[in-house]
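**Student:** here you go, sequence then predicted model.
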Amino acid sequence: MLDRVADANDVAAMMNAMGAQARAAARTLAITPPETKTRALGAMARALRGSTGDIIAANEKDMEAGRRAGLSDAMLDRLKLTGERIEAIAAGVETIAALDDPVGAVIAAWDRPNGLKIERVRTPLGVIGVIYESRPNVTADAGALCLKAGNAVILRGGSDSAHSSAAIHACLARGLEEAGLPAEAIQYVPTTDRAAVGEMLKGLAGNLDVIVPRGGRGLVERVQTEARVPVFAHLEGLCHLYVDASAELDMAVKIAVNAKMRRTGICGATETLLVDRAAAATHLVPILSALAKAGCEIRGDADIVAAFPAARPAAEEDWSTEYLDAILSVRLVDGVGGAIDHIARYSSSHTEAIVAEDEMAVARFFNEVDSAILLHNASTQFADGGEFGMGAEIGIATGRMHARGPVGVEQLTSFKYRVHGTGQTRP
């Protein structure tokens, strides 16, 4: 694996060549039979399991470099691979393989009065660029999802996960080879030079159709600002959990602890807890006590600090902070309307949840909150393509394009119209 490409012109030439190769591979993938793609994905899963030792050894190089660089515990957790996590990656590839192939599926069909028969049919997007940091599992998830949807993909992992991602990509390449598919269908950028990202943002001479960034705010902001092709992304996961006065207490406690503490470093982790003022006397302290017992630091408004002295006073910036850590901002609100107003002001439109038994409160929450994912009586940590039955996800999108929420195989397709006639001409 290259560490740096010496000359910017060399980077541009290399990246544009990868783009052209990906475009050629995409034409092949668009007409590849579903069983061939399934065979390739199965071979990839076997290669991942068979290479567990090599992948862990590569990952340890990245982990050691991350420790020396002072990465936070949350970032190191995102980076770390274990035998269990590699098995989960392989199982995820198999789950994707078992999904229905979206390419060629008829989304809608209708007849016109003049006898024309019209079909809207799923087609691959073409060539997808994925730029990501820290999480080497994205290499397998993105590669497998793009292949299943008939797309070629160019993967550009971060320097912190370079060895791990390269080792995983090698397994994907073996799967392609075993199925007789072009190696250029899933390419991994072989340099940590940041100029490679710049070339992808330019669109690789028109060969890149969509970019998906996975990483911190700095990366996503750069991609959204500079990209000359469409972007599927979310800037941050500022997720909210609202506990209504009608919520069952035991359920509220269980969901709150899971939503914050199961894994604090993922984009679906709750960052702000909103509690109905009408439930303060019954629900607030038990929920906060359980969170504190689990190791969570509580930051709250004056009402929270008064009711739970262990809490620290929250500053204004806390309400718009994605902690990605065991820290939670907490506020009392005036019912579901107060929760909706707070979310409208501070949310990143990623994921919000309500715990409630009042059907009217739930209906209002679902109708008025405009985020990509809304949950009722469930943890925000379910904001994940795998949990949605998509096998995996290439990312979470919070924009208003056709891909919103978890981006799975269907969201990695577009469509075309097929019109069947019997000799009609337009008057």
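**Tutor:** That came through fine. Numbers count the residues shown, from 1 in each chain.

**Student:** okay, stretch 199-215 in CSV with CA atoms only?
**Tutor:** C-alpha atoms of stretch 199-215 as CSV (Å, rounded to 0.1, in the frame of the first residue of the first chain):
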residue,chain,number,x,y,z
GLU,A,199,-10.0,14.5,-6.9
MET,A,200,-13.0,12.4,-5.9
LEU,A,201,-14.8,15.6,-5.0
LYS,A,202,-14.2,16.9,-8.5
GLY,A,203,-16.0,13.8,-9.8
LEU,A,204,-13.1,11.9,-11.5
ALA,A,205,-13.6,13.4,-14.9
GLY,A,206,-17.4,12.8,-14.8
ASN,A,207,-17.1,9.1,-13.8
LEU,A,208,-18.3,9.5,-10.2
ASP,A,209,-22.1,9.6,-9.8
VAL,A,210,-22.6,9.9,-6.0
ILE,A,211,-20.3,10.5,-3.0
VAL,A,212,-21.0,9.1,0.5
PRO,A,213,-18.9,10.6,3.3
ARG,A,214,-18.6,8.7,6.6
GLY,A,215,-16.7,10.4,9.4
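
**Student:** that stretch: which residues count as buried?
**Tutor:** By neighbour count on 16 or more other CB atoms under 10 Å, the buried set for stretch 199-215 is 199-204, 207-215. C-beta coordinates here come from the backbone N, C-alpha and C atoms, glycine included.

**Student:** what about those, which are in strands?
**Tutor:** In strands, defined here by DSSP state E, the members of these are V210, I211, V212, P213, R214.

**Student:** can I get the residues you listed in a markdown table including distance to M360 and pLDDT?
**Tutor:** Formatted as a markdown table, these follow (distance: CB to CB, whole Å; pLDDT from 0 to 100):
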| residue | distance to M360 | pLDDT |
| --- | --- | --- |
| V210 | 40 | 94 |
| I211 | 42 | 94 |
| V212 | 38 | 91 |
| P213 | 39 | 90 |
| R214 | 38 | 84 |
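
**Student:** just curious, which of the residues you listed is nearest to H169?
**Tutor:** Closest approach between these and H169, by CB to CB: R214, at 15.3 Å.

**Student:** that closest one against Y132, yeah?
**Tutor:** Yes - counting by CB atoms under 8 Å, R214 touches Y132, with 3.7 Å between them.

**Student:** report the set of residues contacting both of these two.
**Tutor:** Common neighbours of R214 and Y132, counting by CB atoms under 8 Å, 6 or more residues apart in numbering, are V138.

**Student:** in the stretch 1-150 of the chain, which spans are helices?
**Tutor:** Under the criterion DSSP state H, counting those that start in this stretch, the stretch 1-150 of the chain contains helices at 8-30, 34-50, 52-69, 73-79, 83-98, 137-148.

**Student:** closest one to V189 among these?
**Tutor:** So among the helices of the stretch 1-150 of the chain, helix 8-30 is nearest, using CB to CB, at 7.2 Å.

**Student:** what's the angle between the closest one and helix 34-50?
**Tutor:** Between helix 8-30 and helix 34-50, the angle comes out at 130 degrees (axes from the mean of the first three to the mean of the last three CA atoms, to 10 degrees).

**Student:** pick out the most distant pair among the buried residues of stretch 199-215.
**Tutor:** N207 and G215 (22.6 Å).

**Student:** which of the helices of the stretch 1-150 of the chain sits most buried?
**Tutor:** A comparison of those by mean neighbour count, using mean count of other CB atoms under 10 Å, puts helix 137-148 on top with a mean of 28.

**Student:** now do whichever helix or strand comes after that one: everything it contacts.
**Tutor:** Counting by DSSP states H and E, the next helix or strand C-terminal to helix 137-148 is strand 152-156. Strand 152-156 is contacted from outside by 18-19, 22-23, 25-26, 29, 126-132, 138-139, 142-143, 146-147, 165, 169, 184-189, 196-197, 200, 204, 208, using CB under 8 Å, 6+ apart.

**Student:** next structured bit after strand 152-156?
**Tutor:** According to DSSP H and E, the helix or strand after strand 152-156 is helix 162-179.

**Student:** mind checking how far that following helix is from the chain centre?
**Tutor:** Chain-centre distance of helix 162-179: 21 Å, with CA atoms, centre = their mean, to the nearest Å.

**Student:** I'd like to know which elements that helix is packed against.
**Tutor:** Under the contact definition 3 or more CB pairs under 8 Å, 6 or more residues apart in numbering; DSSP states H and E, helix 162-179 sits against helix 34-50, helix 52-69, helix 137-148, strand 186-188.

**Student:** tell me the confidence at the closest residue to R262 other than its chain neighbours?
**Tutor:** Nearest residue to R262, sequence neighbours excluded (CB to CB, 6 or more residues apart in numbering): Q381, at 5.1 Å. Listed pLDDT for Q381 reads 97.
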